[in-house]
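Chemist: Sharing a model that was predicted from the sequence below.
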Amino acid sequence: MSMNLLRFIRRRSGSAPVARERLQILLAHERGLRSQPDLLGILREEILAVVSRHVVLDPEKVVVRMDRGKSVSTLEVDIELPNGFEKQLAVAS
Amino acid sequence: MAKVLVVTSGKGGVGKTTSTAALGAALAQQGEKVVVVDFDVGLRNLDLIMGAERRVVFDLINVVQGVAKLSQALIRDKRLENLWLLPASQTRDKDALTDEGVRLVIEDLRTKFDWVLCDSPAGIERGATLAMRYADEAVIVANPEVSSVRDADRIIGMLDSKTAKAEKGEQVKKHVLITRYDTGRATRGEMLNIDDILEILATPLLGIIPESQDVLRASNVGSPVTLNNAASTPARAYADAARRLNGESVAMIVPAERKSFMGRLLGRRAA
Ligand SMILES: Nc1ncnc2c1ncn2[C@@H]1O[C@H](COP(=O)(O)OP(=O)(O)O)[C@@H](O)[C@H]1O
Ligand SMILES: [Mg+2]
């Protein structure tokens, strides 16, 4: 009994409970992501396909990033185009 | 029937290699025919921990590539006649390991041994995926610390999706092995609690290995701790874990703090 009580008091004072709580929240989130199809990967592929129809570009230079905020999340698409791509555009259209 | 067991973790430095050697030797001491396989290509260490570093001639990649026969690459332990090592390559490129090559070697090992223990590299990349690919069971090594538990969770997700068993709709049997457990810090609430870790990972416990000088001593002399000092607390904890792997039910012992009164006083003041 007293041993349990002692453990209880000690546990409350240590940092382990904080660790436990942070982990539980984080892992719930990460497990959710894992079971979803790779949304960012799919977006990246499709954006790449659409843009490639008009501009010759290096697939490595297409970056799609998701940022999760409290109320809104943002999708950032960063595509690096080669210089002189406007000329190629004109030819395409 | 042979069992293929991967020792994995995600995070590096948590005790995978130490545990592969200790569990392999313990299983061999208990009469099983065991091979420990080093999958850490480029950073091999299992040979050193097993004390066989000067006897390596051929390695896993040589066998995968057909340069050497399996029998030429296997190294028999000098202390236990039913314990063997298949070393990793120190120099070759990681990409030399292929899925098909690994499958064939594991299949061959299955016909020759009771237990095939695969020491996984850290990370979640190709090397770690190949090490777990053909496993029937997995020991997930974790330290009682947030980043290690997070990585363990990630690895559990991979075991459930990226293994040959998972793809067949079967399950890799998973066990959590908590290593480098420091009782003093645990009772002071500074270290994740074992029950919390098990609850978070939702995976059964294989054993608790205390943080111990005996482990360092054993690695210094190139002997698995279960062979080097079988009476030490980490060795007994590993031997119990090996029995559990073999299906025995052995009471779980939470390592107790062995501290002098003075040490305890000082520890308390420091905390
Ligand atoms: N129970 C333990 N007590 C003390 N030191 C340990 C223990 N387990 C592992 N170590 C040490 O931790 C370090 C990393 O261990 P290792 O088995 O090489 O980890 P990994 O293979 O996961 O990278 C080594 O120096 C090892 O001696
Ligand atoms: Mg290692």
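Modeler: Arrived safely, thanks for sending. Numbers count the residues shown, from 1 in each chain, chains lettered A, B, ... in the order given. Ligands and ions are numbered 1, 2, ... in the order given.
Chemist: Model confidence score at whatever residue of the stretch 151-271 of chain B ends up closest to chain A, please.
Modeler: Proximity of the stretch 151-271 of chain B to chain A (CB to the nearest CB) peaks at B:Gly189, 2.1 Å away. C-beta here means a position set from N, CA and C on the backbone, and glycine is covered the same way. The predicted structure scores B:Gly189 at 84 on the pLDDT scale.
Chemist: shouldn't it be in contact with A:Pro17?
Modeler: Yes - the pair formed by B:Gly189 and A:Pro17 meets the contact definition of CB atoms under 8 Å, at 7.2 Å.
Chemist: Neighbour count: the two, which is higher?
Modeler: Relative neighbour count places B:Gly189 above the other of B:Gly189 and A:Pro17, with 22 against 15, counting by other CB atoms under 10 Å in any protein chain shown.
Chemist: how many neighbours does the nearest residue to the more buried one once chain neighbours are set aside have?
Modeler: Counting by CB to CB, 6 or more residues apart in numbering or on different chains, B:Gly189 lies nearest to A:Gly14, which is 2.1 Å off, once chain neighbours are set aside. Residue crowding around A:Gly14 was assessed by other CB under 10 Å; the count is 18.
Chemist: How much space separates A:Gly14 from A:Ile79?
Modeler: Look at A:Gly14 and A:Ile79: by CB to CB, to the nearest Å, they are 49 Å apart.
Chemist: Then B:Gly157?
Modeler: For B:Gly157, the distance to A:Ile79 (CB to CB) stands at 31 Å.
Chemist: neighbour-wise, which of these two wins?
Modeler: Neighbours of B:Gly157 and A:Ile79, each counted by other CB under 10 Å, are more numerous for B:Gly157; the result is 17 against 14.
Chemist: so what's that one up against?
Modeler: A:31, A:34 (CB atoms under 8 Å, 6 or more residues apart in numbering or on different chains).
Chemist: In the helix or strand that contains it, which residues are buried?
Modeler: Assessed by DSSP states H and E, B:Gly157 sits inside helix B:146-159. Applying a neighbour-count criterion of 16 or more other CB atoms under 10 Å in any protein chain shown, one finds B:146, B:148-159 buried in helix B:146-159.
Chemist: Now do that helix: distance to the chain's middle.
Modeler: Averaging C-alpha positions (CA atoms, centre = their mean, to the nearest Å) puts helix B:146-159 15 Å from its chain's average.
Chemist: Toward the C-terminus, what is the element adjacent to that helix?
Modeler: Next along the chain after helix B:146-159, taking DSSP H and E as the criterion, comes helix B:164-167.
Chemist: buried set for that next one?
Modeler: In terms of neighbour count (16+ other CB under 10 Å), helix B:164-167 has its buried residues at B:164-165.
Chemist: next SSE after that helix?
Modeler: The element immediately downstream of helix B:164-167 (helix or strand, assigned by DSSP H and E) is strand B:173-181.
Chemist: so whatever residue of the stretch 101-250 of chain B ends up closest to ligand 2 bridges to which residues?
Modeler: Among the residues of the stretch 101-250 of chain B, B:Asp119 lies nearest to ligand 2; the distance is 6.0 Å by CB to the ion. In this structure, B:Asp119 has beta-bridge partners B:Val7, B:Asp38, where bridges are defined by DSSP bridges.
Chemist: now it: how far from ligand 1?
Modeler: According to CB to the nearest ligand atom, to the nearest Å, B:Asp119 and ligand 1 sit 7 Å apart.
Chemist: give me the number of residues near that residue?
Modeler: There are 27 residues near B:Asp119, going by other CB under 10 Å.
Chemist: thinking again about what came up before, quick one: the residue of the stretch 151-271 of chain B closest to chain A is in a helix?
Modeler: No - according to DSSP: H, G, I helix; E, B strand; the rest coil, the state of B:Gly189 is coil, so it is not within a helix.
Chemist: Over to it: give its phi and psi.
Modeler: The phi and psi values for B:Gly189, taken as degrees, to the nearest 10, are phi 70, psi 20.
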